[in-house]
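[1] I would like to see how this sequence folds:
(chains A, B, C and D)
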2 protein chains.
Amino acid sequence: MKIKKFIIKGKEIIMQSAREQFFQYLARKKLRFTSQRAIIFDVFWSVDGHVSPEELYRLTKEKDRSIGQATVYRTLKLLSDAGIAREVDFSDGVTRYEPYYGQKHHDHLICQECGKSVEVVDPRIEKLQEELAWQHGFTLSGHSMYLYGCCSQCSGKQA
Amino acid sequence: MKIKKFIIKGKEIIMQSAREQFFQYLARKKLRFTSQRAIIFDVFWSVDGHVSPEELYRLTKEKDRSIGQATVYRTLKLLSDAGIAREVDFSDGVTRYEPYYGQKHHDHLICQECGKSVEVVDPRIEKLQEELAWQHGFTLSGHSMYLYGCCSQCSGKQA
DNA sequence: TTATTATTGATTTTCAGTATCAAATTTTTT
DNA sequence: AAAAAATTTGATACTGAAAATCAATAATAA
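    Have a look, this model is predicted:
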């Protein structure tokens, strides 16, 4: 109970600051925090995990019938530029977006059977990536890593 | 000199075996090693680095005017399935393919300024990836890793 | 030969994402 | 407040990569 409450409270705090961050970003770029952008942000942020622009468009319409999908696409780009959303590409032809909580970055572990995806991070790998780039004279600014395989459930079924 | 010769000879040997591998793959799947497929393979294999289907189509046409691009797309898929080509995705909307020499897999280090890409491998990272997947109950079958940054030349210019 | 199966190139279709544009809204200037 | 300037919006048209379709061929098997 205690923990749950804490998490919820924590999420709200992050929520506040992310909305604030979006607002700040728009202000800095002399752009407007319109009602559509607010709605799209709220819906996007309430989803956990990743969403495709189409999915988000559908969800957003439930709140406000009049929002067009061009605006959803545009807003996702803004959120991405503002560092609030992150593009993820499972190479199935659709670019998805996921909320980017603070600086907590992660990579993806994907089951090729059922499509399940797990978020993972390994600081040791991160470290080695930096090192590797450095060896080639590169200054690393980011990376994407996708691990493909078969999850335990699906492995079980096959056997 | 000695080294160069050796490399060239080495490449020829690989070439032979890759063509052979393609042939074997087709045979196994009861597919035919047609003249078009042979031409597309040869052109693809002669390119070093990655090519987009469109680029390969253009190059292939220089050898044989009549080849259609649908066939190029199809053949690249076959090469990929046969383990002879590998898809690479620089997330610019075009899927590129590169020859897959033996089992020597590698990842990409990409300069976001000039677009240059360097092939890299780090066995220590590979090891950790396996380990990480294992911890989550996954059996790893492959991965893709792209490191984005700024190369030394471009860093120099900016300063 | 005849029947079956695979392949091809041209063409059409699909679908995600972008560009366009007039209308609406907001902000700034006068 | 009024007028002018700038942004945003939604509808729609467009783009370009990749896949599907299909009739015509070619190769293989019976």
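[2] now do the SS call for A:Val88.
    strand (DSSP: H, G, I helix; E, B strand; the rest coil).
[3] not counting its neighbours along the chain, what's nearest it?
    A:Arg96 (4.9 Å; CB to CB, 6 or more residues apart in numbering or on different chains). All C-beta atoms are positioned from the backbone trio N, CA, C, and that covers glycine.
[4] residues of chain A that sit close to DNA strand C?
    A:32, A:34, A:52-54, A:69-70, A:73, A:77, A:93-95 (CB under 7 Å from any atom of the strand).
[5] can you go through those residues and name the buried ones?
    Buried subset of those (neighbour count, 16 or more other CB atoms under 10 Å in any protein chain shown): A:53, A:95.
[6] can you name the two of the residues of chain A next to DNA strand C that are farthest apart?
    A:Arg32 and A:Gly93 (32.5 Å; CB to CB).
[7] can you give me the strands for chain A?
    All strands of chain A, identified by DSSP state E, fall at A:85-89, A:95-99, A:107-111, A:117-120, A:139-150.
[8] what does chain A put close to DNA strand D?
    Within chain A, the positions lying close to DNA strand D (CB under 7 Å from any atom of the strand) are A:26, A:30-32, A:34, A:36-37, A:64, A:66-71, A:74-75.
[9] narrow these to those that are buried.
    Buried subset of the residues of chain A next to DNA strand D (neighbour count, 16+ other CB under 10 Å): A:26, A:36-37, A:67, A:71, A:75.
[10] could you dump the residues you listed into JSON lines and include pLDDT?
    Formatted as JSON lines, these follow (pLDDT from 0 to 100):
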{"residue": "A:Leu26", "pLDDT": "94"}
{"residue": "A:Gln36", "pLDDT": "96"}
{"residue": "A:Arg37", "pLDDT": "97"}
{"residue": "A:Ile67", "pLDDT": "96"}
{"residue": "A:Thr71", "pLDDT": "97"}
{"residue": "A:Thr75", "pLDDT": "97"}
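[11] which residues does stretch A:133-141 contact?
    The contact list for stretch A:133-141, computed with CB atoms under 8 Å, 6 or more residues apart in numbering or on different chains, reads A:129-130, B:109, B:111-112, B:118, B:120, B:147-152, B:155.
[12] can you check stretch A:109-124 too?
    Contact with stretch A:109-124 is made by A:50, A:90, A:104-108, A:146-151, A:153-154, A:157-158, B:128, B:132-133, B:136, B:138, B:141, as judged by CB under 8 Å, 6+ apart.
[13] from the residues you listed, list just the buried residues.
    Judged by 16+ other CB under 10 Å, buried ones among the contacts of stretch A:109-124: A:50, A:106-108, A:146-151, A:154, B:128, B:132-133, B:136, B:138.
[14] among the residues you listed, which pair sits farthest apart?
    A:His50 and B:Leu128 (24.1 Å).
[15] so what pLDDT did the residue positioned nearest the centre of chain A get?
    In chain A, the C-alpha nearest the mean C-alpha coordinate belongs to A:Glu98, at 1.6 Å (CA atoms, centre = their mean). Looking at A:Glu98, its pLDDT stands at 92.
[16] A:Phe90 now?
    Note on A:Phe90: pLDDT of 82.
[17] same check, this time on the one 4 residues further on
    In this model, A:Val94 is scored at 91, pLDDT.
[18] do I have it right that it meets A:Glu55?
    No - when contacts are counted by CB atoms under 8 Å, A:Val94 is not listed as touching A:Glu55 (9.2 Å).
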